[in-house]
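S.K.: Provided below for reference: sequence and predicted model.
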Amino acid sequence: MAHIIRVTASLILLAGIAACAPAALAAVPAAPAASVMNAGMIVFREGLEAVIILASLMSSMKRKEEVKFRRPMWLGVLLAVAATALTWVLAHDIIQSLAHHGEKLEAVVSAIAVVSLLVIMNWFFHKVYWREWMAASHARKQRILNSETGLWLGLVALGFTSVYREGFETVLFLQALVLESNLSMVMAGVVIALAAVALVGFITFRLQVNLPYKKMLVITGILIGIVLLQLTGKTAHTFQEVGWLPEHAISGFAAPHWLGEWFGVYPTWEGLVLQAAVAAFVIGSYYAAEWATHRRSAARKPQRTADQAE
């Protein structure tokens with residue numbers, strides 16, 4: 001049964017990847033489909049992170065006398081979902097009130113989204129998010145459980161912060177997508193992704209099956225990297241349209257319309273250079289993190305050898 005569930009989950013991921021295939025590019029209009037896919041990837045990735053955090057925090061609450069501690073955490077999760085929805089409404093209203101600025105507003109919001117994605121991708125490859133954030137969350141949980149006062153409210157707050165952090169980031173990214181596309185397409189991607197997250201959550205918490213989370217994070221991380229490159233190219237293009245960035249066309253390179261809609265590739269040197277710089281930053285941060293990890297491991301070996309000798 002567990003094997004069948006794992007296979008089903010893998011098929012869901014493969015189905016999402018298959019949406020990027022050339023056949024899909026030709027079958028549906030480029031801009032709407034790209035918006036649905038981008039919104040879905042962002043929401044699924046952030047939702048997956050929230051599920052993994054909660055699963056990790058609740059994994060030690062399996063004994064009968066500890067199961068009750070899950071309830072205030074789930075209340076915090078529900079409050080975080082409601083707060084995320086409220087944040088979406090407020091952010092959308094603010095953006096709409098500034099809609100008269102047109103492409104200048106789109107350029108500013110998209111630039112903020114690019115910077116935020118860069119930070120997240122940097123955290124992903126450096127493993128800072130999982131190493132430090134998870135360690136801090138577990139330490140906080142232990143302090144709450146050891147405390148005699150404020151236990152219930154502390155667990156509610158822990159569940160809330162574990163989810164709202166992801167929700168706030170998601171709201172920011174989606175606002176940029178709404179500006180470059182439309183609300184209905186973005187919401188379609190959100191609904192599809194939330195259904196996938198709900199399925200993963202059901203398998204994790206209800207059926208208590210361990211899914212290949214690491215592989216899922218790697219795959220979604222790569223997909224988010226593609227979104228980052230696309231958003232970088234489109235942001236550069238918008239900056240050029242409002243006159244905030246010079247535009248030097250690449251002679252002999254006529255990029256088809258779908259290449260810009262799906263991957264943010266336009267025939268200008270500025271856009272391609274910025275995309276290459278973003279890719280170099282993300283890939284470089286990964287190798288820098290790997291080098292730092294190996295260096296720390298090498299530094300610990302002599303100490304472990306000395307301790308064993310004593």
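M.R.: Structure received. Numbering: from 1, shown residues only.
S.K.: which one's the longest helix in the chain?
M.R.: With secondary structure taken from DSSP state H, the chain has its longest helix at helix 269-309.
S.K.: chain center to that one: distance?
M.R.: Relative to the mean C-alpha coordinate of its chain, helix 269-309 is positioned 21 Å out (C-alpha atoms, centre = their mean, to the nearest Å).
S.K.: kindly report the same for stretch 206-225.
M.R.: In terms of C-alpha atoms, centre = their mean, the gap separating the centre of stretch 206-225 from the centre of its chain is 12 Å.
S.K.: and for stretch 264-272?
M.R.: On the basis of C-alpha atoms, centre = their mean, stretch 264-272 sits 25 Å off its chain's mean C-alpha point.
S.K.: now the end-to-end length of that stretch.
M.R.: 9 Å (C-alpha to C-alpha, to the nearest Å).
S.K.: buried residues, it. List them.
M.R.: Residues of stretch 264-272 classed as buried by neighbour count (16 or more other C-beta atoms under 10 Å): 264, 265, 266, 267, 268, 270, 271, 272. To be clear about C-beta, it is placed using only N, CA and C from the backbone, and glycine gets the same treatment.
S.K.: which stretches of this protein form strands?
M.R.: Counting by DSSP state E, the chain has no strands at all.
S.K.: so residue 37 sits against residue 192, correct?
M.R.: No: taking contact to mean C-beta atoms under 8 Å, the distance of 9.2 Å between residue 37 and residue 192 leaves them out of contact.
S.K.: when those two are compared, which one has more neighbours?
M.R.: When residue 37 and residue 192 are compared on other C-beta atoms under 10 Å, the one with more neighbours turns out to be residue 37, at 25 against 18.
S.K.: confidence score at that one?
M.R.: Here the pLDDT value assigned to residue 37 is 88.
S.K.: what's the distance between it and residue 273?
M.R.: Note on residue 37: its distance to residue 273, by C-beta to C-beta, to the nearest Å, is 25 Å.
S.K.: residue 194 now?
M.R.: 36 Å.
S.K.: state the distance from residue 195 to residue 178.
M.R.: As defined by C-beta to C-beta, residue 195 lies at a distance of 20 Å from residue 178.
S.K.: those two: which is more packed in?
M.R.: Neighbours around residue 195 and residue 178, counted as other C-beta under 10 Å, are more numerous at residue 178. The numbers are 22 against 12.
S.K.: the more buried one reaches residue 92, doesn't it?
M.R.: Yes: here residue 178 reaches residue 92: they are 7.1 Å apart, a contact under C-beta under 8 Å.
S.K.: who's in contact with residue 270?
M.R.: 236, 240, 245, 246, 247, 248 (C-beta atoms under 8 Å, 6 or more residues apart in numbering).
S.K.: switch those residues over to TSV; also include distance to residue 158.
M.R.: Listed next are the contacts of residue 270 as TSV, based on distance: C-beta to C-beta, whole Å:
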residue	distance to residue 158
236	40
240	45
245	43
246	49
247	49
248	51
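S.K.: of those residues, keep whichever come out buried.
M.R.: Taking 16+ other C-beta under 10 Å as the criterion, what is buried in the contacts of residue 270 is 236, 240, 245, 247.
S.K.: of residue 194 and residue 273, which one has the most company?
M.R.: Per other C-beta under 10 Å, whichever of residue 194 and residue 273 has more neighbours is residue 194, with 15 against 12.
S.K.: which non-adjacent residue is nearest that one?
M.R.: Setting aside the residues directly before and after it, residue 194 is nearest to residue 43 in space (C-beta to C-beta, 6 or more residues apart in numbering), at 6.4 Å.
S.K.: what does residue 144 give?
M.R.: Setting aside the residues directly before and after it, residue 144 is nearest to residue 154 in space (C-beta to C-beta, 6+ apart), at 3.7 Å.
S.K.: would you mind measuring from that neighbour to residue 140?
M.R.: When C-beta to C-beta is the yardstick, residue 154 and residue 140 sit 8 Å from each other.
S.K.: so the two - more neighbours on which side?
M.R.: Here residue 154 and residue 140 are set side by side on neighbour count (other C-beta under 10 Å), and the busier one is residue 154, at 19 against 16.
S.K.: low-confidence ranges in the chain?
M.R.: Segments of the chain classed as low confidence (criterion: pLDDT under 70) are 1-31, 60-67, 123-138, 142, 145-150, 300-310.
S.K.: circling back to that earlier point, now the buried residues of stretch 264-272 in TSV, with distance to residue 160?
M.R.: Compiled in TSV, the buried residues of stretch 264-272 are given as follows (distance: C-beta to C-beta, whole Å):
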residue	distance to residue 160
264	35
265	40
266	41
267	47
268	44
270	42
271	40
272	42
